[in-house]
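Novice: Okay, here's the prediction I keep looking at, along with the sequence it came from:
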Amino acid sequence: MSKNKFKFILSFCILVFGFGISAFAEEQFVYDDKGKRNPFMPLVTTDGRLINLDQQDNSEINLEGIIYDEAGSSYAIVNQSIVRISDWVGDYRVLKIEKNKVIFLKDGQPIEAELKKEE
């Protein structure tokens, strides 16, 4: 077999195989967690803190406190866990922490949780 013929056959196989992969990649897969922890969610934050799985509730956000820093190093206490920007609380991702509220992102939609004042 000549070198050119081999290259042609190899190129043809890669082309055909490549189309097969791209057709497979177009299928959408949606994970149904059935009320359990999503295995694709991290167990540890980027700074090494463990995420408390027992306290997470995917259906409700309970904002308990805010430690606000104008420089951007703010923290919030949500569902009995300390979180900062880009951390996850169940299915909600912390997008922004302000003085009196935290903005979360769920399914591409922003959700605001305001800090309730004690009477």
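Specialist: Now that the structure is in, tell me what you want to look at. Numbering: from 1, shown residues only.

Novice: outside of stretch 77-86, which residues touch it?
Specialist: 45-46, 49, 51-52, 55-57, 60-66, 72-76, 89-90, 93-97, 102, 113 (CB atoms under 8 Å, 6 or more residues apart in numbering). (C-beta placed from N, C-alpha, C; glycine too.)

Novice: Which ones among these lie within strands?
Specialist: 63-66, 75-76, 89, 93-97, 102, 113 (DSSP state E).

Novice: With respect to residue 7, which of these is nearest?
Specialist: Nearest to residue 7 among these is residue 93, at 48.0 Å by CB to CB.

Novice: From residue 76, how far out is the closest residue to the closest one other than its chain neighbours?
Specialist: Spatial nearest neighbour of residue 93, chain neighbours left out: residue 105 (4.7 Å); criterion: CB to CB, 6 or more residues apart in numbering. With distances taken as CB to CB, to the nearest Å, residue 105 is found 14 Å from residue 76.

Novice: quick one: which of the two has more around it?
Specialist: For the pair residue 105 and residue 76, the greater number of neighbours falls to residue 76 (25 against 16), based on other CB atoms under 10 Å.

Novice: Give me the local confidence score for the more buried one.
Specialist: We note a pLDDT of 94 for residue 76 in this prediction.

Novice: in the sheet, who's paired with it?
Specialist: For residue 76, the beta-bridge partners are residue 66, residue 83 (DSSP bridges).

Novice: Next up, the contacts around it.
Specialist: When the contact criterion is CB under 8 Å, 6+ apart, the partners of residue 76 are 63, 65-67, 82-84, 94, 97, 102.

Novice: Contacts only, for the residue nearest to residue 101 when sequence neighbours are not counted.
Specialist: In space, not counting the residues next to it along the chain, residue 101 is nearest to residue 114; the distance is 4.5 Å by CB to CB, 6+ apart. With CB under 8 Å, 6+ apart as the criterion, the residues that contact residue 114 are 63, 100-101.
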